[in-house]
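1. no sequence on this one, just coordinates:
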Ligand SMILES: [Zn+2]
């Protein structure tokens, strides 16, 4: 008995010591090793912001970050030289709206994603997310906004694991569970709703201002880097004031708000509240103009018509909506909602399975059908994506001081955007992940967390 009291006292002491140190301070990093210098010789280097390319550039990388960029830069002795002089180098790509921790299927769940949540555990879905992250990086996606259906914060854990160096993957901008009014995106049964265990990994109910504040704080506490609101998943949708409240609260934790919007009225509430980003494109042409005027990002999740998904009619609507948003000058991002799988997802010529990366890049079909010029597609896939991920100060553009995330392709994506389907080289944080079209991820695997986040610890 006495001993147990002693143990409890020790535990209490430990907890109170833990409480005194700030929970957001990073642990002490080991002293840095001398930075490895890498020189990438780029045959052509694209600046997607201006839609232009310069020939024969050298990118000098020290450790994880870009040190200098230019023609005829002297290459320091001892630097590792990567010769991409026959390729086009460009910044990594962004999927601004996806769900790596969800894979709903025709079998056994007949595409009912309610059933996926019931039949697949959060740990299984976390591992799917890790696999999808590798597949996306292999396709050239160095940043992914993962916005909900993240299996009880597997999305924030995946971000942390990649950041710590456990596995290669894109920089993940996770939202944690979507916040919505009663039921989230579900129409739950009373059993699901009242006992919550089934729906809670997916949605947080927030039915009043207090609950909205609490839900936003809870997600930020558990590592969200963006906040995802179900604006109008129910007829009792969030009001302009509700959305403004979420935006204000999120801002306190450095997060921006994305709204899932599926009705014209919901879109108007989101626009009037000054939301940062709208997911899905059910906006009217007038609302596209308002989004352009207010600088509200749109992630259209513009599904192509393929042997494995969609219909001709739906595709025509999607293309028209994308074109309308483009014509209005709304800031467009490349977003996919690519969170399903079926047995038709094979390369028609070779019969090999399409990867999550192949399926993601295949959304180019919609952008091309909408007649959007390659330079503008590329801007949506890079610059606008970094802005929507709220990381452009830190990574994305190939500029001194930023993290060295870059990819290379044969051919010229400013002339033929489809060359992005075959990314030959991928570098993330200055480390080579793919070379000559083959994954070489050894440098990313360690038996412990070799990288500590440079900024705040849990967020
Ligand atoms: Zn989505």
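-> All right, it came through fine. Because the structure is predicted, anything quoted here is derived from the model rather than measured. Residues are numbered from 1 along each chain as shown.

2. quote the end-to-end distance of stretch 438-446.
-> 20 Å (Cα to Cα, to the nearest Å).

3. swap in stretch 272-290?
-> Across its full length, stretch 272-290 reaches 9 Å end to end, with Cα to Cα as the criterion.

4. okay, buried residues for it please.
-> Neighbour-count burial for stretch 272-290 flags 273, 275-283, 287-290 (criterion: 16 or more other Cβ atoms under 10 Å). C-betas here are computed from N, CA, C, even on glycine.

5. pLDDT on that stretch, on average?
-> Computed over stretch 272-290, the mean pLDDT rounds to 98.

6. between which two of the buried residues of stretch 272-290 is the distance greatest?
-> Greatest spacing in the buried residues of stretch 272-290, by Cβ to Cβ: 279 and 289 (18.9 Å).

7. how far does stretch 281-290 sit from its chain's centre?
-> Computed by Cα atoms, centre = their mean, to the nearest Å, the chain-centroid distance of stretch 281-290 equals 24 Å.

8. helices along the stretch 151-300 of the chain, start to end?
-> Assigned helices in the stretch 151-300 of the chain, in chain order: 154-164, 190-195, 209-221, 240-252, 264-273, 285-294 (criterion: DSSP state H, counting those that start in this stretch).

9. now stretch 168-179, how far from the centre of its chain.
-> For stretch 168-179 - counting by Cα atoms, centre = their mean - the centre lies 6 Å from the chain centre.

10. for this structure, give me the ranges with low pLDDT.
-> 1-34, 196-201, 453-459 (pLDDT under 70).

11. picking that back up, ok, which of the helices of the stretch 151-300 of the chain comes nearest residue 350?
-> Across the helices of the stretch 151-300 of the chain, the minimum distance to residue 350, taken as Cβ to Cβ, is reached by helix 154-164, at 29.8 Å.

12. so what touches that closest one?
-> Judged by Cβ atoms under 8 Å, 6 or more residues apart in numbering, the contacts made with helix 154-164 from elsewhere in the structure are 100-101, 122, 125-126, 129-130, 133, 146, 150, 167-176, 222-225, 449-453, 458.

13. whichever of those end up buried, select them in PyMOL.
-> The following PyMOL line selects those of the contacts of helix 154-164 that are buried, judged by 16+ other Cβ under 10 Å:
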select buried, resi 100+101+122+125+126+129+130+133+146+150+167+168+169+170+171+172+173+174+175+176+222+223+224+225+453
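
14. phi, psi of residue 423?
-> phi -80, psi 130 (degrees, to the nearest 10).

15. quick one, what contacts it?
-> Contacts here follow Cβ under 8 Å, 6+ apart; on that basis residue 423 touches 138, 139, 140, 407, 408, 409, 434.

16. filter those to the buried ones?
-> For these, burial is judged from neighbour counts taken by 16+ other Cβ under 10 Å, and it is met by 138, 139, 140, 407, 408, 409, 434.

17. the residues you listed in strands, which ones?
-> 407, 408, 409, 434 (DSSP state E).

18. look up the closest residue to residue 328, ignoring the ones flanking it.
-> residue 288 (3.6 Å; Cβ to Cβ, 6 or more residues apart in numbering).

19. for residue 245, see how far away the one you found is.
-> The span separating residue 288 from residue 245 equals 26 Å under the rule Cβ to Cβ, to the nearest Å.

20. residue 202 against residue 183, yeah?
-> No - with contact defined as Cβ atoms under 8 Å, residue 202 does not reach residue 183; the gap is 10.5 Å.

21. for stretch 81-94, which positions count as buried?
-> Going by 16+ other Cβ under 10 Å, stretch 81-94 has these buried residues: 82, 84, 87, 88, 89, 90, 91, 92, 93, 94.

22. equivalent analysis for stretch 61-73, please.
-> Residues of stretch 61-73 classed as buried: 61, 62, 63, 64, 65, 66, 67, 69 (neighbour count, 16+ other Cβ under 10 Å).

23. same check on stretch 152-170?
-> Buried residues in stretch 152-170, counting neighbours by 16+ other Cβ under 10 Å, are found at 152-163, 165-170.

24. ditto for stretch 49-62
-> The neighbour-count criterion (16+ other Cβ under 10 Å) identifies 49, 53, 57, 58, 59, 60, 61, 62 as the buried residues of stretch 49-62.

25. make TSV out of those and add secondary structure and distance to residue 73.
-> As requested, the buried residues of stretch 49-62 are exported to TSV (DSSP: H, G, I helix; E, B strand; the rest coil; distance: Cβ to Cβ, whole Å):
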residue	secondary structure	distance to residue 73
49	coil	21
53	strand	17
57	strand	8
58	strand	4
59	strand	8
60	strand	6
61	strand	11
62	strand	13
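
26. between which two of these is the distance greatest?
-> Taking every pair in the buried residues of stretch 49-62 and measuring Cβ to Cβ, the maximum separation is 24.4 Å, between 53 and 62.

27. strands of the stretch 301-450 of the chain, start to end?
-> Using DSSP state E, counting those that start in this stretch, the strands assigned to the stretch 301-450 of the chain run over residues 332-333, 340-341, 406-409, 423-428, 431-435, 438-439.

28. quick revisit: could you list which of the contacts of helix 154-164 belong to strands?
-> 146, 171, 172, 173, 174.

29. quick check: the gap between the third one and residue 44.
-> Read that as residue 172. Plainly put, residue 172 is 29 Å away from residue 44 if you go by Cβ to Cβ.

30. got it, and the fourth one?
-> Look at residue 173 and residue 44: by Cβ to Cβ, they are 29 Å apart.

31. go on, the first one?
-> To residue 44, residue 146 is 31 Å away according to Cβ to Cβ.

32. how many residues are close by residue 362?
-> The burial count assigned to residue 362 is 19, neighbours taken as other Cβ atoms under 10 Å.

33. pretty sure it is touching residue 305, no?
-> No - at 10.6 Å, residue 362 does not count as touching residue 305 under the criterion of Cβ under 8 Å.

34. residue contacts, the residue nearest to residue 322 when sequence neighbours are not counted?
-> By the measure of Cβ to Cβ, 6+ apart, the closest residue to residue 322 outside its immediate chain neighbours is residue 370, 4.4 Å from it. Residue 370 makes contacts with 302, 319, 320, 322, 323, 326, as judged by Cβ under 8 Å, 6+ apart.

35. this completes my enquiry, with thanks.
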